[in-house]
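# What would the 3D arrangement of this be:
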Amino acid sequence: MTQDATQSPSFNRRNLLKQGAAAGAAGLAFSALSARAHDFGGYGKHRPYSTDYGPLEPKEDMVTGLKLLALPKGFEYMSFGWTGQIMDDGRPTPTDHDGMAVCGQYGRFIALVRNHELSAGESTQCFVPGGMYNNNEYGGTTNLVFDTARGRFVKHYTSLGGTIRNCAGGLTPWNSWISCEETFHEWNNRADGFNHGYLFDVPAWGVSTGQPIRAAGRFSHEAVAVDPKTGVVYQTEDAGSSAFYKYVQPGAHDGHWGGWGRKDWGGHDRFWGPWRQRGPLRDGGELYAMVVEGESRKDLTLGYQPGDTFKVTWQKVGDPEGKEGRAFDSAPDAAVFSRGEGCWEDDGLIYFVSTDGGAAGLGQVWVYNPRKETVSLVYESANPEDVDGPDNIAISPRGGIILCEDGDSNPKRLIGLTTKGDIFPFAENLIDLKDGDLAKINAYFPGVADNFWDAPVRNFSSQEWCGATFHDDWLFANVQSPGVTFAIRGPWRKGAL
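So this is what the prediction gives:
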């Protein structure tokens, strides 16, 4: 158990029952979203704050006492995993926190796996004996253990190392996290002989083998979502013109539904029929790219309205590892998205983000239905006040969507998208550290002052949110720089999230 875990104040349960005031609204057209009903094509409203939760107000971190976030009334939070904070394996926490998810549970303890989007020489190297891919590289993952009964973090350690720019990824039905390298280079052009741009499977409990899943493709990976009923892994690509991919691993079903199931720890159906895999992710499968039926290279970046739906098929990728160019080039009919980002499975549907898609270049949210073989535009931002550059995405237990913002807005926000189609800011990044604040942080998180900033004043409010993930009454999320993880709790059930 870490020292700071024992010092973290407990949450005030009485505050969890309080509710914010109602708010006004402005009009905005997009699809009526429901992660449960999946009803597209209606209208929603932009709201300056949630009518259920109320307006945002600066809140003190329950650990350091610093006002790091703005949240609605009744919500509280604690910080943990600051860059430089010494972990249980004796290593300082790397910076550039990114994608993350709750990937496993054992009793009251849950395990989160967190990415670090590091390139060579940047910050502290992710290093773990037995879990390294390339000793020359710095990126990787760290795991955090959280005690839901006591409301505190109790352990963290390095779980994957030797990778590049681990941006996002996705949780799996076999209690692990698939970490994605957001990088691409010409085949075999590195002096060290390593190729990068792969997927890596990281267990919720323990460490990764450090072995890439080569057949799943080598490209600028962003995020994945695994269909728990088929074992198919859906993937986004962060490139100007990119495809939406699926990786059919050996033993998985190519889009076919069936078998018998039970509920997993997250409440999702877990099927053990013809597909019986319990993990880890298997190499040796086949990679496919989404194609709009009857239209080669259909451009889905501009000219569409929320609710527009397209029938799709899948084309096998001829050069999945990009040995003769991009994998995208070897699927000549693939539909075109602009900078694929976050990806999330919910109730059998696969939601994914185009961070700069749409007429205004401010971002789109799409959903793929594997049962109907359709892709639909869920939401498109027309105004930076609504959302500017959605990145990571997560769906709450109540069906609402959280979008992590990474555009030009300041302060950066966590944006809520309701099942009725309304959009509103749920949280703001207010991290603006003054003289003496670093000492306060270091008092609870030893190592931060020794391994972090050398400047006395730092304003990080323009830095992106990432890694949002829900578990019961908790929302966990990261701010990439200065590199910190937050656990947020409040009256979720009284609102859309």
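# now the helices: where do they sit in the stretch 301-450 of the chain?
Taking DSSP state H, counting those that start in this stretch to define them, one finds helices in the stretch 301-450 of the chain at 437-444, 448-451.
# would you turn those into CSV with mean neighbour count and distance to residue 73?
No exception for glycine: its C-beta is placed from N, CA and C like everyone else's. Below are these laid out as CSV (neighbours: other CB atoms under 10 Å; distance: least, CB to CB, whole Å):
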stretch, mean neighbour count, distance to residue 73
helix 437-444, 18, 25
helix 448-451, 17, 30
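# Might you list the low-confidence residue ranges for the stretch 351-497 of the chain?
451-457 (pLDDT under 70).
# cutoff 80 now
Within the stretch 351-497 of the chain, the set of residues satisfying pLDDT under 80 comprises 419-421, 450-457.
# helices and strands of the protein: which one bottoms out on pLDDT?
strand 26-28 (a mean of 26; mean pLDDT, DSSP states H and E).
# So for stretch 391-399, what gets flagged as buried?
Residues of stretch 391-399 classed as buried: 391-397, 399 (neighbour count, 16 or more other CB atoms under 10 Å).
# Let's have those in TSV, adding distance to residue 244.
Shown next, in TSV, are the buried residues of stretch 391-399 (distance: CB to CB, whole Å):
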residue	distance to residue 244
391	16
392	16
393	14
394	19
395	18
396	23
397	26
399	23
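# where exactly do the strands run in the stretch 251-400 of the chain?
With strands called from DSSP state E, counting those that start in this stretch, the stretch 251-400 of the chain shows them at 261-263, 269-271, 286-292, 309-316, 340-346, 349-354, 364-369, 374-380, 390-395.
# Wait, residue 58 touches residue 66, no?
No - applying CB atoms under 8 Å, one finds residue 58 not in contact with residue 66, separated by 10.0 Å.
# more crowded one of these two?
Using other CB atoms under 10 Å, the more surrounded residue of residue 58 and residue 66 is residue 66, with 17 against 11.
# Indicate which one of the helices of the stretch 301-450 of the chain is closest to residue 91.
helix 448-451 (9.9 Å; CB to CB).
# Counting by contacts, list what whichever helix or strand comes after that closest one packs against.
For helix 448-451, the succeeding helix or strand toward the C-terminus, using DSSP states H and E, is strand 458-459. Applying 3 or more CB pairs under 8 Å, 6 or more residues apart in numbering; DSSP states H and E, one finds that strand 458-459 contacts strand 432-433.
# From the contact counts, what lies against the strand it packs on?
When contacts are defined as 3+ CB pairs under 8 Å, 6+ apart, strand 432-433 sits against strand 458-459.
# swap the cut-off to 10 Å and go again
strand 67-72, strand 458-459 (3 or more CB pairs under 10 Å, 6 or more residues apart in numbering; DSSP states H and E).
# how close does residue 140 get to residue 198?
Relative to residue 198, residue 140 is positioned 13 Å away (CB to CB, to the nearest Å).
# which neighbours do those two share?
Any residue near both residue 140 and residue 198 by CB atoms under 10 Å, 6 or more residues apart in numbering counts here, and that gives 133, 163-164, 179.
# Tell me what residue 344 is bridged to.
residue 351 (DSSP bridges).
# just the helices in the stretch 1-150 of the chain please.
For the stretch 1-150 of the chain, applying DSSP H, counting those that start in this stretch gives helices covering 3-7.
# and the helices of the stretch 301-450 of the chain as CSV, adding distance to residue 209?
Shown next, in CSV, are these (distance: least, CB to CB, whole Å):
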stretch, distance to residue 209
helix 437-444, 34
helix 448-451, 28
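# Among the ones you listed, which comes closest to residue 290?
Here helix 448-451 is closest among the helices of the stretch 301-450 of the chain (CB to CB), at 42.8 Å.
# Show me what the closest one is packed up against.
Checked by 3+ CB pairs under 10 Å, 6+ apart, helix 448-451 has helix 437-444 packed alongside it.
# re earlier: of residue 140 and residue 198, give the one with the bigger neighbour count.
A direct count of neighbours by other CB under 10 Å for residue 140 and residue 198 places residue 140 higher, at 31 against 24.
# number of nearby residues for the nearest residue to that one once chain neighbours are set aside?
By the measure of CB to CB, 6 or more residues apart in numbering, the closest residue to residue 140 outside its immediate chain neighbours is residue 126, 2.8 Å from it. Neighbour count of residue 126, defined by other CB under 10 Å: 26.
# Now do the contacts for the closest residue to residue 187 other than its chain neighbours.
Spatially, and ignoring its direct neighbours in sequence, residue 187 is nearest to residue 323 (4.4 Å; CB to CB, 6+ apart). By CB under 10 Å, 6+ apart, the contact list for residue 323 reads 186-188, 195, 218, 330.
# And residue 484, by the same measure?
Taking CB under 10 Å, 6+ apart as the definition, contacts of residue 484 comprise 61, 68, 79-83, 85, 93, 95, 97, 429, 431, 441, 445, 448, 460, 463, 477-478.
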